[in-house]
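Participant: here you go, sequence then predicted model.
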Amino acid sequence: MRAIQVSPSIGEGSVQQSSEPASCLLCGCKDSRPYLEVKGWTYRECLSCHSFFIPREKLEEHSAFFSDPDYRLRRILTEARHGRLRDWHLRLMQSVQPLGRVLEVGCSGGFFLRTMQDAGYVVRGIDLGAECAIFGKTFLGVEIETRDFLEWEGQVDWVVMHQVIEHVPDPTAFIRKAHELLAPGGRLLITTPNLSFARRLAALTGNRVLGDALGHPPSHCILFEPNVLAKALQQQGFKIERLGHNPTGFEAGTGLRLMADRLLMKFAAPIGPNFYIIGRKS
């Protein structure tokens, strides 16, 4: 990996605007500049909303990556180990709205669906790939539909997108669709890597890819600072109810990361490597 040099450093001085027709995946702005090259993929910084993205034109050249069955199977096996994080997300939802109908988008094998179902929620899941639906029905007793979220019809009280929005080439369409499906007063829960944390870490260490956010191109095709994602939700008719630290260290196999997450939450430190946001449909 090598960093693309920009002059001057990010957020300072003048800007070299790109002549490439690369539209931001979030706001559509065509003014952007290269920030970083990782594994042959270039993240660009949008000069309007300041999200980081991989140009849609490049993603379309490699669309098979997102439908790779091996990738989906690895996700199922990995998420089987995340029981503590699922319990934390459940308590978060219960503290806001303890019952209701839930649609989880990108639910993988359905582990969180089963957690919510056991707590009394009426759940539906949606994910691409027959592997997820077969696993969910056979091993967890949950129903998962294999279809495009943007074509789903119905009404629910919650739409949940856990570590999904950073994989979506059109995040605005997903947010708009969630608003359409929610009943009045319904809520959208999103968790995603925190670009602000990644940038602060880069400034401190000089390593721009240290951490989770920028390390997984093209799977992570867009990354947000918390205030940027909050604004995107507000523009689609959501009122921001909560925004905070998403303790992904609960997933980790190392005690150090788990301890860091507990300290962040206990002492109300700034949001860490991942964050969650809950928007309420007005």
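Facilitator: Everything's here; your move.
Participant: what about residue 138, how many neighbours?
Facilitator: Residue 138 has 9 neighbours, counted by other C-beta atoms under 10 Å. To be clear about C-beta, it is placed using only N, CA and C from the backbone, and glycine gets the same treatment.
Participant: which SS class is it?
Facilitator: helix (DSSP: H, G, I helix; E, B strand; the rest coil).
Participant: distance of it from residue 35?
Facilitator: 43 Å (C-beta to C-beta, to the nearest Å).
Participant: likewise residue 91?
Facilitator: For residue 91 relative to residue 35 (C-beta to C-beta), the value is 36 Å.
Participant: which residues are in contact with the strand or helix carrying residue 85?
Facilitator: Here residue 85 sits within helix 83-96, counting by DSSP states H and E. Residues outside helix 83-96 that contact it (C-beta atoms under 8 Å, 6 or more residues apart in numbering): 111-112, 115-116, 119, 121, 158, 160, 162, 187, 189, 191, 241-242, 247-248, 250-251, 276, 278.
Participant: so which of those sit within strands?
Facilitator: When DSSP state E defines the strands, the subset of the contacts of helix 83-96 inside them is 158, 160, 162, 187, 189, 191, 241, 242, 276, 278.
Participant: right, and the fifth one touches residue 163 too?
Facilitator: Meaning residue 189. No: counting by C-beta atoms under 8 Å, residue 189 stays clear of residue 163, with 11.5 Å between them.
Participant: wait, is residue 27 part of a strand?
Facilitator: No: secondary structure of residue 27 (three-state DSSP): coil, not part of a strand.
Participant: what sits closest to it if chain neighbours are left out?
Facilitator: Spatial nearest neighbour of residue 27, excluding adjacent residues (C-beta to C-beta, 6 or more residues apart in numbering): residue 49 at 4.4 Å.
Participant: for the contacts of helix 83-96, which ChimeraX command selects only the ones that are buried?
Facilitator: A single ChimeraX command is used to select the members of the contacts of helix 83-96 judged buried by 16 or more other C-beta atoms under 10 Å:
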select :111,112,115,116,121,158,160,162,187,189,191,247,248,250,251,276,278
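Participant: strands along the chain, start to end?
Facilitator: 32-38, 41-46, 52-53, 101-105, 122-126, 144-145, 156-162, 182-193, 222-223, 238-245, 274-281.
Participant: show me what the last one is packed against.
Facilitator: This points to strand 274-281. helix 83-96, strand 182-193, helix 226-235, strand 238-245 (3 or more C-beta pairs under 8 Å, 6 or more residues apart in numbering; DSSP states H and E).
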